[in-house]
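> This is the structure alone, sequence omitted:
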């Protein structure tokens, strides 16, 4: 087989030019790698900041919907439950005086948890307008206005 000497010289020129100009490719790749590493580090820091790698349980605050139904209060909704009856207190505050009054009993149907069908019976109050609140710890997780006439 015969080799064309002109073609061989052209190949050598191209190879020499490629080896001389490879700096541009290397700079471009180093900038892209640096940018990718920066993005990955930012994502990792954000994940640690949001607590995704934490073993601590994420406890949601319960919310209970209440509505007056005649002479008692009906529990209309329970979100982020179940809410044990023993873990809450019911506070009754007279809107006119701001004082706590009366007593409340949660009728939980015997299951120990507050459900949609449960009710609150209020006793020991006089005629007037009251705010009834369900309190768990330091948080009010449900409240409504109650009128007695």
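Happy to help now that I have it. Everything numeric in this text was worked out from a predicted model, so none of it was measured. Residues are numbered from 1 along each chain as shown.
> how near is the closest residue to residue 92 other than its chain neighbours to residue 91?
In this structure, residue 92 finds its nearest non-sequential neighbour in residue 102, 4.5 Å apart by Cβ to Cβ, 6 or more residues apart in numbering. (Each C-beta comes from the backbone N, C-alpha and C, glycine too.) Look at residue 102 and residue 91: by Cβ to Cβ, to the nearest Å, they are 10 Å apart.
> repeat for residue 85
On the measure of Cβ to Cβ, residue 85 and residue 91 end up 15 Å apart.
> on that earlier part again, thought the residue nearest to residue 92 was touching residue 121?
No. Counting by Cβ atoms under 8 Å, residue 102 does not reach residue 121; the two are 10.4 Å apart.
> and after the host helix or strand of residue 121, which helix or strand comes next?
Take DSSP states H and E as the rule and residue 121 turns out to sit in strand 119-123. Sequence order places strand 128-136 as the next helix or strand after strand 119-123, per DSSP H and E.
> elements contacting that next one?
Helices and strands touching strand 128-136, by 3 or more Cβ pairs under 8 Å, 6 or more residues apart in numbering; DSSP states H and E, are strand 63-69, strand 89-94, strand 119-123, strand 139-148.
> possible to save those as a markdown table with mean pLDDT, mean neighbour count and distance to residue 53?
Formatted as a markdown table, the helices and strands packed on strand 128-136 follow (pLDDT from 0 to 100; neighbours: other Cβ atoms under 10 Å; distance: least, Cβ to Cβ, whole Å):
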| stretch | mean pLDDT | mean neighbour count | distance to residue 53 |
| --- | --- | --- | --- |
| strand 63-69 | 91 | 17 | 28 |
| strand 89-94 | 91 | 17 | 36 |
| strand 119-123 | 90 | 16 | 42 |
| strand 139-148 | 90 | 17 | 27 |
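> Including distance to residue 132, could those strands go into CSV?
Converted to CSV, the helices and strands packed on strand 128-136 look like this (distance: least, Cβ to Cβ, whole Å):
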stretch, distance to residue 132
strand 63-69, 7
strand 89-94, 5
strand 119-123, 7
strand 139-148, 5
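> Any idea which of these gets closest to residue 108?
Residue 108 sits nearest to strand 119-123 of all the helices and strands packed on strand 128-136, at 9.0 Å, using Cβ to Cβ.
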